[in-house]
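Asker: For reference, the sequence and a predicted model appear below.
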Amino acid sequence: MEIRFENEVYNLELIGHRRLLHEAIEDYVDELEMTDEVLEELELAHRLISNKDMKGLVDGCFAYSELVFLEVEENEILEEALRNAGYEVQTSRVSRSIYAINDEGIEVRISDHKRPAVEQNGIWMDHEYEKEIIVNNNIVYLNQLKENGFSKLDKVEYLLG
């Protein structure tokens, strides 16, 4: 039961994700002029999130607050799409990073950030990868994946997740 808001994916079954979604919509509407209509839509959105009502969020009319919720489609999340296409995938336990073996057998790091440098014997060293994709807004485009050796994928874009 995953929903997409502002290119982030939230699982409405997880209390922590619901809390993050509540916070994300609050941050989003903070930029808007607070009218009675915006406040009513915000209250409705919070109620739907708390009730895990994905259909209500996706089908809801949020004309004044301009909130847009999208249902996450099958294979829209990159990790899932890579696994379903037969690629070997590992994910970081600490950050939003994926390590996948491409068609040539080369590990590709896909993340929303560069990996921080580490100290070895008093010397700071950057992590270097033969192939790496750093994305903005959690969206990975098909052309980036194809350029890095993932030929079995076919969606125009994927969410880092």
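Answerer: Good, I have the coordinates. Not measured: the values here are computed from a predicted model.
Asker: what about the helices in the protein?
Answerer: With DSSP state H as the definition, the chain shows helices at residue ranges 15-29, 36-50, 54-59, 78-84, 142-147.
Asker: Would you mark the buried spots in the last one?
Answerer: Just to be clear, that refers to helix 142-147. Residues of helix 142-147 classed as buried by neighbour count (16 or more other Cβ atoms under 10 Å): Gln144, Leu145. Any C-beta I mention is one placed from the backbone N, CA and C, and that applies to glycine too.
Asker: do the second one as well
Answerer: Applying a neighbour-count criterion of 16+ other Cβ under 10 Å, the buried positions in helix 36-50 are Val38, Glu41, Leu42, Leu44, Ala45, Leu48, Ile49.
Asker: May I ask which helix or strand of this structure has the lowest mean pLDDT?
Answerer: Of all the helices and strands that make up the chain, strand 118-120 has the lowest average by mean pLDDT, DSSP states H and E, namely a mean of 80.
Asker: Centre of the chain to that strand, how far?
Answerer: Averaging C-alpha positions (Cα atoms, centre = their mean, to the nearest Å) puts strand 118-120 30 Å from its chain's average.
Asker: swap in stretch 97-116?
Answerer: Taking the mean of its C-alpha atoms, stretch 97-116 sits 16 Å from the chain's own mean (Cα atoms, centre = their mean).
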